[in-house]
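In: Sequence and computational prediction follow.
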Amino acid sequence: KNIPKPQLKFTDKVDNNPQIPFIPKLRTKPNAIAPLAMMLLQFDARPFDMLLLDRHPEV
């Protein structure tokens, strides 16, 4: 099937240019294990690190 991509309807176009720093559009993370501000400080951390530390703090 030829289904149109939903991201073509986004009002804010995504720019994946590596020369531009990442700026999150989300202001909060209501279902997050770690707050957004903490995740931005640990930007180089892998996304699943907080989940692993939460479930296995001895690591």
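Out: Structure received.
In: Only C-alpha atoms from now on, for both contacts and neighbour counts.
Out: Fine.
In: And for I20, the neighbour number?
Out: 8 (other Cα atoms under 10 Å).
In: That one sits in which helix or strand?
Out: Counting by DSSP states H and E, no helix or strand carries I20.
In: Quick check, pLDDT for it.
Out: Listed pLDDT for I20 reads 81.
In: What of L26?
Out: pLDDT, L26: 74.
In: Renumber starting at 3 from here on
Out: In the new numbering, first residue 3, that becomes L28.
In: which stretches of the protein have low pLDDT?
Out: Scanning the chain for pLDDT under 70 picks out 36-61.
In: Helices of that one, start to end?
Out: Here the chain has its helices, by DSSP state H, at 38-43, 51-57.
In: So what touches stretch 10-25?
Out: For stretch 10-25, there are no surrounding residues in contact (Cα atoms under 8 Å, 6 or more residues apart in numbering).
In: and stretch 5-16, which residues are buried?
Out: Under the neighbour-count criterion of 16 or more other Cα atoms under 10 Å, stretch 5-16 has nothing buried.
In: what about it, how long is it end to end?
Out: This stretch, stretch 5-16, spans 20 Å end to end (Cα to Cα, to the nearest Å).
In: Having no further points to raise, I will conclude here.
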